[in-house]
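>>> Generate coordinates for the sequence data below:
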Amino acid sequence: MERMMTGDGRVRTFAECRNRRNRRTLLRVSVVLGVLLAAILALLFCLGRFAGRGPFAPGVAQAKYSPSSWSLIVVNRWNRIPDDYPAPKLTRLSNGESVDSRIYPDLQRMFDDMRAAGLHPEVTSAYRTEAVQRQLLDEKIFLYQNEGASKEEARRQASQWVAEPGTSEHELGLAVDINASGATGTKDSVNEHQWLADNAWRYGFILRYPRGKTDVTGNAYESWHYRYVGAEAAKAMHESGQTLEEYAK
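Next comes the predicted model:
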């Protein structure tokens, strides 16, 4: 067996020296990997802290809520429904949809006037539970994936149209999607949507996601989505062109 003399006068085999050398190499590699891992974690933390992305991204903040200004609560992709938001008392519509009972009188008055003008409005979507909202989002993601998008890209595209559960105004009971009765596409509701764009503010409703405001609202333009904010606020927003986010600052 081959041996070698060490600096301290001890005799070691070459196998012992090789093992000692390997341990030193492993220690150096471990230190380098530890430094790299720390750098990656620091980068991810900064990305989450300042860009809101990645595993260290902060959770969605709770929207500010006051019972005295309940109709002006701002819920969007950056502000989720607060934990203390009370479950809405609902009024069921003739087609099975439901809305917060506080907005029903103005909604009914608006629909009466629309019908008097020869239009045929229908609430095609109103109050949703969180479970229903999640199902709608999952279905939209599946459709985009089915068209060839990656899961991440499919979720990004889907979130432009369907809010994450807990961040949808439909879960408040204050939002309604309005189309022509029996419509199969937006082209079938042009007259109803134009009337609403011109007059909904008179009844306390606003077009929630107007053109050119995606960066502010977080949603693409939706000609059918109306949100109740009350007569005074709706009039002010109609005259100023502000979104709810801008008005409620």
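
>>> Residue 219 against residue 76, yeah?
Yes: the criterion here is CB atoms under 8 Å, and residue 219 meets it with residue 76 at 7.4 Å. Bear in mind the C-beta positions are built from the backbone N, C-alpha and C, glycine included.

>>> Which residues are in contact with each of the two?
residue 163 (CB atoms under 8 Å, 6 or more residues apart in numbering).

>>> helix or strand right after the lengthiest helix in the chain?
Longest helix of the chain, by residue count under DSSP state H: helix 14-46. Downstream of helix 14-46, the next assigned helix or strand under DSSP states H and E is strand 61-62.

>>> strand partners of that next one, parallel vs antiparallel please.
strand 79-80 (parallel) (DSSP bridges).

>>> could you give me the average pLDDT of the partner strand?
Model confidence over strand 79-80, given as mean pLDDT, is 96.

>>> And stretch 230-242, by the same measure?
98.

>>> And the contacts of that stretch?
By CB under 8 Å, 6+ apart, stretch 230-242 touches 71-72, 106, 200-206, 229, 243-244, 247.

>>> for the protein, what are the low-confidence residue spans?
1-17, 41-42, 44-58 (pLDDT under 70).

>>> change it to 90
Residue ranges of the chain with pLDDT under 90: 1-60, 151, 156, 159-163, 219-220, 249.

>>> In it, which residue is most central in space?
residue 77 (3.3 Å; CA atoms, centre = their mean).

>>> Quick check on it: phi, psi?
The phi/psi pair for residue 77 (degrees, to the nearest 10) reads phi -70, psi -20.

>>> Tell me how many other residues surround residue 24.
10 (other CB atoms under 10 Å).

>>> Look up how far residue 216 lies from the residue nearest to the centre of the chain.
11 Å (CB to CB, to the nearest Å).

>>> domain parsing for this structure?
3-51, 61-128+168-247 (automatic domain parsing).

>>> Now render those domains as JSON lines, adding distance to residue 143.
As requested, the domains of the chain are exported to JSON lines (distance: least, CB to CB, whole Å):
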{"stretch": "domain 3-51", "distance to residue 143": "28"}
{"stretch": "domain 61-128+168-247", "distance to residue 143": "16"}
